[in-house]
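Undergrad: what follows is a protein structure lacking sequence information:
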C-alpha cells in the first residue's frame with residue numbers, strides 16, 4: 001500500500017484539484033472563441049463563435065455575474081432587463097445538472113460548423129433532460145446591433161428553461177449534508193463536492209490497487225501451480241496500470257457527483273491527460289520489456305550487435321512515444337494540432353540543417369550496430385587509443401581506457417575511423433627477434449634454431465603450422481634470429497603467460513648451447529677472459545655432428561616422422577609450475 005504515495009500516484013490528486021479549479025481561473029482559450037481576423041470586429045464578450053458564447057456564459061454565471069450572463073441570451077432588451085438575470089441563473093443550474101453532450105466538440109469557427117438536420121445559422125450544443133422534459137440546447141447566429149454577427153442561446157431553448165428548472169430535484173445526498181457544505185461555494189462549486197473529490201482520491205487509489213490484484217490473481221495461481229516466479233515484465237507494468245485503474249475509478253466517482261458543467265468540462269480534459277500519460281507510460285514499459293527479451297535472446301545467440309541495436313532502437317521508440325504523448329496532450333488541451341504539425345514540418349527542416357552533426361552521430365551509431373563492427377564489451381583500438389566499449393548511445397560511444405578514464409567518441413567520427421577489434425582475435429601473434437653474440441659458432445646457432453623449432457612443435461599452446469625461427473642476418477653487434485608463431489588463445493592475459501613461458505624456454509636453449517645474448521656494445525677481451533664455455537661448446541658440436549652422421553640434421557626443418565614423434569610432448573605449464581600442481 002505504500003506504493004500509493006509515490007510521486008506518480010499523486011498525479012491523480014493534482015489533476016483532480018487543478019482540473020476543478022481551472023474552471024474558475026483558466027481563460028476560455030481551451031474551448032473559447034478563435035481570434036477575429038484583422039478586417040472584422042471582435043465582440044467584447046467573445047460571442048463571435050459558438051464556443052465563445054457557451055463558455056462565456058458559463059464563466060460569467062459561475063462568477064455570479066448574471067447581468068453579464070444575460071447578454072449571451074436571445075431576448076429583447078426589455079425582457080433582458082426584467083427577466084434576464086433570473087433566467088440566466090436558472091439556465092446555469094439546468095446546464096450543470098441536466099446537460100448531456102461534449103463541450104469540446106463545440107465549433108470554434110465564426111460561422112459555425114454545418115450539422116445534419118440543423119439550420120446553417122444554428123448550432124446544436126447538446127441535450128437538456130430533466131424529468132420527462134427534453135430540450136435541445138442551441139445557439140443561433142444573429143446580427144448584433146453594435147455591428148457584426150454574434151451567437152446567442154436560442155429563444156426556443158430559453159422557453160423551456162423554467163419547466164426544466166422545475167423538474168430538477170434536489171440531490172438526495174445534499175439533503176443529508178450539513179447546510180454550510182451545500183450553501184457555501186469555493187471557486188464556483190459547493191464545498192461538499194470539493195470534499196467528495198478529495199475523498200475519492202485515496203478511495204480510487206485503493207480500489208485501483210485491488211483491481212490490479214484481481215487481474216494478477218489468475219496469473220499468480222498459474223505461476224504457483226508451475227512453481228515459477230512473477231517476471232520483471234509484470235512488475236514493470238504494475239505502476240502505470242495502477243494509475244490507469246485509479247484514474248478510471250476516480251472518473252466514475254466524479255461522474256456521479258454531477259459537477260457544475262464548466263468544472264466537469266475541465267475535469268474531463270485533465271483526466272484525459274492522465275489517461276494519455278498512463279497509457280503511454282504503460283506502452284513504454286511494455287516496449288522496454290519486449291526489447292530487453294529480444295536483446296537477451298540475441299546476445300545469448302551470439303548476435304551481440306543485434307542486442308546493441310535493439311538497445312538503440314528502444315531509446316528511439318521511447319522518444320517517439322514521448323513525442324506522440326505530447327501531441328495527444330496538446331490536442332486534448334484544445335490546441336490546434338493542424339497548425340502545430342505544419343509548424344513541425346517547417347521546423348523539422350530547420351532542425352535538420354541545424355542538427356546535421358547530431359543526425360550524423362545517430363546514423364553513425366545505427367551503422368556501427370547494424371554492421372556489428374563493435375559490441376559492448378569489445379576491446380578495440382581506436383586510432384592510437386585502446387579501450388573497452390562500455391556503451392553505444394544515440395550520440396556517442398563511451399570507451400574505458402586501460403588508465404580507467406572514460407573516452408567519448410562521436411558516432412559520426414567512429415563510423416569513418418579505422419577500428420581494430422582486438423576481441424575478435426582467434427589467436428595472437430608472438431613475434432620477436434633474438435640477438436646472439438658474434439662468437440657463437442655455426443653449430444651452436446644450428447642447435448638454438450633446431451631446439452627452438454622443436455619447442456614450437458612440442459608446446460600445446462603454439463600453432464604448429466607457420467611457426468618458425470630463422471637466422472635473418474648480421475647486425476652491428478649480434479647474429480639476429482626472428483621468431484614468428486601464433487599462440488592459441490584470444491585472451492591477452494593468457495597470451496602474456498604463454499609468451500613468458502616461451503621466452504624463458506628459449507633462454508634455456510640459448511644457455512644450453514653455450515652461447516649468450518648479445519648486447520648493443522663492444523666486448524673487449526683481456527687475458528683473463530675465459531671466453532666461451534668449452535665443455536658446452538663441445539657438447540653442442542657433438543650433438544650437431546651426431547645429427548649429421550644419422551642424416552637427422554633438421555635443416556631446413558625436422559623430418560615429418562620426427563615431428564609426429566615429439567609433437568605436443570612438452571609439459572606445459574612446466575612440472576614445477578604452481579598452475580600445473582593444481583590440476
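TA: Arrived safely, thanks for sending. It should be emphasised that the depicted structure is a prediction, and the values quoted were computed from it without experimental measurement.
Undergrad: where do the strands of the stretch 401-550 of the chain begin and end?
TA: 406-410, 419-421, 428-436, 468-474, 479-487 (DSSP state E, counting those that start in this stretch).
Undergrad: list the buried ones in the first one?
TA: Within strand 406-410, the residues scored as buried using 16 or more other CB atoms under 10 Å are 407, 409-410. (Glycine included, C-beta is placed from N, CA and C.)
Undergrad: can you lay out those as a markdown table showing distance to residue 502 and pLDDT?
TA: Output for the buried residues of strand 406-410, formatted as a markdown table (distance: CB to CB, whole Å; pLDDT from 0 to 100):
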| residue | distance to residue 502 | pLDDT |
| --- | --- | --- |
| 407 | 33 | 89 |
| 409 | 36 | 85 |
| 410 | 41 | 84 |
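Undergrad: tell me where the stretch 351-500 of the chain has helices.
TA: 356-371, 411-415, 442-458, 492-513 (DSSP state H, counting those that start in this stretch).
Undergrad: that older thread, among the strands of the stretch 401-550 of the chain, which is the most enclosed?
TA: strand 479-487 (a mean of 19; mean count of other CB atoms under 10 Å).
Undergrad: residues making contact with that one?
TA: Strand 479-487 is contacted by residues 427-438, 440, 445, 448-449, 452, 456, 461-463, 466-474, 495, 498-499, 502, 506, 518 when judged by CB atoms under 8 Å, 6 or more residues apart in numbering.
Undergrad: and it with strand 468-474, angle?
TA: In terms of direction (axes from the mean of the first three to the mean of the last three CA atoms, to 10 degrees), strand 479-487 departs from strand 468-474 by 150 degrees.
Undergrad: for strand 479-487, give the mean pLDDT please.
TA: Averaged over strand 479-487, pLDDT sits at 95.
Undergrad: again, but for stretch 200-212
TA: Stretch 200-212 comes out at a mean pLDDT of 82.
Undergrad: ok now it, how far from the chain's centre?
TA: Its chain's C-alpha centre and that of stretch 200-212 lie 29 Å apart, by CA atoms, centre = their mean, to the nearest Å.
Undergrad: give the buried residues for that stretch.
TA: For stretch 200-212, by 16+ other CB under 10 Å, it's 200-201, 204-205, 207-209, 211-212.
Undergrad: which members of those are the farthest-apart pair?
TA: Largest separation among the buried residues of stretch 200-212 by CB to CB: 200 and 212, giving 17.9 Å.
Undergrad: burial count for residue 551?
TA: Neighbour count of residue 551, defined by other CB atoms under 10 Å: 7.
Undergrad: my bad, residue 331
TA: Residue 331 has 14 nearby residues by other CB under 10 Å.
Undergrad: now do the SS call for it.
TA: For residue 331, the secondary-structure state derived from DSSP: H, G, I helix; E, B strand; the rest coil is helix.
Undergrad: ok, so of the buried residues of stretch 200-212, who is nearest residue 77?
TA: residue 200 (45.0 Å).
Undergrad: setting the sequence-adjacent residues aside, check what's closest to that closest one.
TA: residue 253 (4.0 Å; CB to CB, 6 or more residues apart in numbering).
Undergrad: and the one you found, how many neighbours does it have?
TA: With other CB under 10 Å as criterion, residue 253 counts 17.
Undergrad: quick check: buried residues in the helix or strand harbouring it?
TA: Per DSSP states H and E, residue 253 falls inside helix 232-257. Within helix 232-257, the residues scored as buried using 16+ other CB under 10 Å are 236-251, 253-254, 257.
Undergrad: cool, stretch 154-172 as well?
TA: 154, 157-158, 160-161, 164-165.
Undergrad: got the residues you listed as JSON lines, with distance to residue 103 and secondary structure columns?
TA: Output for those, formatted as JSON lines (distance: CB to CB, whole Å; DSSP: H, G, I helix; E, B strand; the rest coil):
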{"residue": "154", "distance to residue 103": "17", "secondary structure": "coil"}
{"residue": "157", "distance to residue 103": "16", "secondary structure": "helix"}
{"residue": "158", "distance to residue 103": "19", "secondary structure": "helix"}
{"residue": "160", "distance to residue 103": "20", "secondary structure": "helix"}
{"residue": "161", "distance to residue 103": "18", "secondary structure": "helix"}
{"residue": "164", "distance to residue 103": "18", "secondary structure": "helix"}
{"residue": "165", "distance to residue 103": "21", "secondary structure": "helix"}
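Undergrad: thinking again about what came up before, would CSV of the buried residues of stretch 200-212 with secondary structure and distance to residue 322 be doable?
TA: Shown next, in CSV, are the buried residues of stretch 200-212 (DSSP: H, G, I helix; E, B strand; the rest coil; distance: CB to CB, whole Å):
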residue, secondary structure, distance to residue 322
200, helix, 29
201, helix, 26
204, helix, 26
205, helix, 25
207, helix, 29
208, helix, 24
209, helix, 27
211, helix, 27
212, helix, 24
